[in-house]
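Visitor: structure of the sequence below:
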Amino acid sequence: MTAAKNLAEQGYHTYLIEREDALGGQARSIYETWRGEDVQQNLGKLIENVQSNENIDIFLRAELKRVDGFVGNFTSTVEMDGKERTLEHGVAIIASGASEFRPDQYLHGEDPRVLTGLDLDRKFIDKDPSLEKLRTVAFIQCVGSRIEERPYCSKVCCTHSIKSALTLKEINPDMDVFIVYRDMRPYGLREDLYREAREGGIVFIRYDFDKELKVAKDEGDLQVRFTSYVLQREVEIRPDLLILAAAIVPPSENSVAQLFKVPTNDDGFFVEAHVKLRPSDFATDGVFICGLAHSPKPIDESIAQGLGAASRAVTVLSQRQMFGNAIVAHINPESCVGCQGCLTVCPYEAIRYLEEAKICEVNPAICKGCGSCAATCPSASAQLGGFTSRQIYWQIKKAVGA
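Guide: Okay, here's the model as predicted:
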């Protein structure tokens, strides 16, 4: 929404496609930022600004079905309420987000006293009066993160748990709050929250990950048992409420990646063109990335990346002419046998197969000149401009002759 609002304010007509029936995504379930900013209040203002902007068309309960074209000339088909609509656009920003992992361990889903971090945030948002009556609350960190299935750190969990623990202490200063962790990673200025929590009486206990952490019911009580890393002794906590700091996970099936021909990493998050030089760009021109779809990150970083993606998009939209690569491939239609070997190896999907002519054709606007097609073509029909077989042979001949 931040990216759409920024583009619209610069005069560019923007389409905002949302799968759910309301805007906001995961922010609708978050209580406060780590700085104490009211997420729901700020989110409400942003949604109001987006909905009232004449340059933004919003599609709710919509799904992207098809994408054709290339930078400056995309055509997307959107299905909404059983009807399809075709949108023409010059660029695309992918902000498809991610979700909170719903664990099947530690009695989650079996006992109502076991919640995830966002479940607790919902209680904060609703001002649940039952929180005032709690005597003991425990947090378990890295639930679903930093394991073989998901080896990455979800980045926001430690800070979010500390912030939630401080909020619980504000509600009831006499409450005992424990955070059971493997490693605490409140990076940057978020370290101040950790110090504040320690000074406020919140107890941090590092557990031995090599030894099992168990959550069970004992005579109606929740029982959390683990081995202290420092004491090397078993510790037991009986909380009234247990909070699981669950991982951030991408969609199991990502159709957007296939539609826009952009890559994802082994974890399922989108991969930018270059982590340092082009952090908001894809290798596919005219397509940009921001938010949780790129990697786990807090709200402030998602907003910053959304603004970054919008600024990168404007560098394309503001051009009157688009210049392609100087070196692109070409397929000789007279010698092409239509084996489609080049189509298979092209990493940019710049080649299409012409059914009627039974040959392949290169789209020079998409081609990056990598030469994969030329190296694969058995009939030598695919050639890279400036690097034809004849030119390469002459280079070899001159090098050997020298």
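Visitor: contact partners of stretch 339-357?
Guide: 261, 283-284, 329, 331, 333, 338, 359-364, 366-368, 370, 372-373, 376-379, 382 (C-beta atoms under 8 Å, 6 or more residues apart in numbering). From N, CA and C alone the C-beta is placed, and that goes for glycine too.
Visitor: from these, which ones fall inside strands?
Guide: With DSSP state E as the criterion, strands contain 329, 331, 359-362, 382 from among the contacts of stretch 339-357.
Visitor: need these in CSV (columns: neighbour count, distance to residue 243 and pLDDT).
Guide: Shown next, in CSV, are these (neighbours: other C-beta atoms under 10 Å; distance: C-beta to C-beta, whole Å; pLDDT from 0 to 100):
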residue, neighbour count, distance to residue 243, pLDDT
329, 26, 55, 93
331, 20, 59, 94
359, 19, 61, 94
360, 24, 56, 95
361, 17, 57, 94
362, 20, 55, 93
382, 26, 58, 93
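Visitor: sorry, back to before: mark which of the contacts of stretch 339-357 are buried, thanks.
Guide: 261, 283-284, 329, 331, 359-363, 366-368, 370, 372-373, 377, 382 (16 or more other C-beta atoms under 10 Å).
Visitor: show me what contacts residue 87?
Guide: So residue 87 contacts 15, 75-78 (C-beta under 8 Å, 6+ apart).
Visitor: which of those count as buried?
Guide: The buried subset of the contacts of residue 87 (16+ other C-beta under 10 Å) comprises 15, 76, 78.
Visitor: domain ranges for this structure?
Guide: 2-97+250-317, 100-248, 329-401 (automatic domain parsing).
Visitor: mind putting those domains in a markdown table, distance to residue 323 included?
Guide: Shown next, in a markdown table, are these (distance: least, C-beta to C-beta, whole Å):
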| stretch | distance to residue 323 |
| --- | --- |
| domain 2-97+250-317 | 11 |
| domain 100-248 | 38 |
| domain 329-401 | 10 |
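Visitor: and the furthest pair within the ones in strands among the contacts of stretch 339-357?
Guide: 329 and 359 (14.0 Å; C-beta to C-beta).
Visitor: residue 10: how many residues sit nearby?
Guide: As a burial measure, residue 10 scores 15 neighbours (other C-beta atoms under 10 Å).
Visitor: secondary structure element for the closest residue to it other than its chain neighbours, which one?
Guide: Leaving aside its chain neighbours, residue 10 sits nearest to residue 314 (6.3 Å; criterion: C-beta to C-beta, 6 or more residues apart in numbering). Mapping residue 314 onto the secondary structure by DSSP states H and E places it in helix 299-317.
Visitor: in contact with residue 382, which residues?
Guide: Contacts of residue 382 (C-beta under 8 Å, 6+ apart): 329-332, 336, 342, 360, 362, 373-374, 376.
Visitor: redo that, cut-off 6 Å
Guide: 329, 331, 342, 373-374 (C-beta atoms under 6 Å, 6 or more residues apart in numbering).
Visitor: so what's it bridging to?
Guide: residue 331 (DSSP bridges).
Visitor: any idea which element residue 177 lies in?
Guide: strand 176-181.
Visitor: right, and the helix or strand after that strand?
Guide: Downstream of strand 176-181 (by DSSP H and E), the next one is helix 191-199.
Visitor: mind listing what's buried in that following helix?
Guide: Quick answer for helix 191-199 (16+ other C-beta under 10 Å): 193-194, 197.
Visitor: ok, the closest residue to residue 197 other than its chain neighbours to residue 202 distance?
Guide: What sits nearest to residue 197 in space, not counting adjacent residues and going by C-beta to C-beta, 6+ apart, is residue 162, at 5.0 Å. Counting by C-beta to C-beta, to the nearest Å, the gap between residue 162 and residue 202 amounts to 8 Å.
Visitor: who's more crowded, those two?
Guide: residue 162 (26 against 22).
Visitor: that one contacts residue 193, doesn't it?
Guide: Yes. Contact between residue 162 and residue 193 holds when scored by C-beta atoms under 6 Å: they sit 4.9 Å apart.
Visitor: elements contacting the helix holding residue 314?
Guide: helix 2-9, strand 287-289 (3 or more C-beta pairs under 6 Å, 6 or more residues apart in numbering; DSSP states H and E).
Visitor: report the contact partners of residue 394.
Guide: Counted by C-beta under 6 Å, 6+ apart, residue 394 has zero contacts.
Visitor: again but with residue 15, I slipped
Guide: Counted by C-beta under 6 Å, 6+ apart, residue 15 has contacts 57, 87.
Visitor: so what pLDDT did it get?
Guide: In this model, residue 15 is scored at 97, pLDDT.
Visitor: do the same with residue 402
Guide: 59.
Visitor: and if you look at residue 227?
Guide: pLDDT at residue 227 comes out at 96.
Visitor: and it, what element?
Guide: strand 221-227.
Visitor: for that strand, packing partners?
Guide: Strand 221-227 packs on strand 214-218, strand 234-237, going by 3+ C-beta pairs under 6 Å, 6+ apart.
Visitor: including mean neighbour count and mean pLDDT, could the ones you listed go into CSV?
Guide: Below are these laid out as CSV (neighbours: other C-beta atoms under 10 Å; pLDDT from 0 to 100):
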stretch, mean neighbour count, mean pLDDT
strand 214-218, 14, 93
strand 234-237, 14, 96
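Visitor: so which of these gets nearest residue 273?
Guide: Nearest to residue 273, of the helices and strands packed on strand 221-227 and by C-beta to C-beta, is strand 214-218 at 43.1 Å.
Visitor: please put the alpha-carbon coordinates of that closest one into CSV.
Guide: Presented in CSV, the C-alpha positions along strand 214-218 are these (Å, rounded to 0.1, in the frame of the first residue of the first chain):
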residue,chain,number,x,y,z
LYS,A,214,8.6,-30.4,26.5
VAL,A,215,5.1,-28.9,27.0
ALA,A,216,2.5,-31.0,28.7
LYS,A,217,-0.6,-30.9,30.9
ASP,A,218,-0.2,-31.8,34.5
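Visitor: pull up the pairing partners for it, direction included.
Guide: Counting by DSSP bridges, strand 214-218 is paired with strand 221-227 (antiparallel).
Visitor: ok, residues contacting the partner strand?
Guide: Contacts with strand 221-227, where a contact means C-beta under 6 Å, 6+ apart, come from 113, 138, 207-208, 211, 213-216, 234-239, 242.
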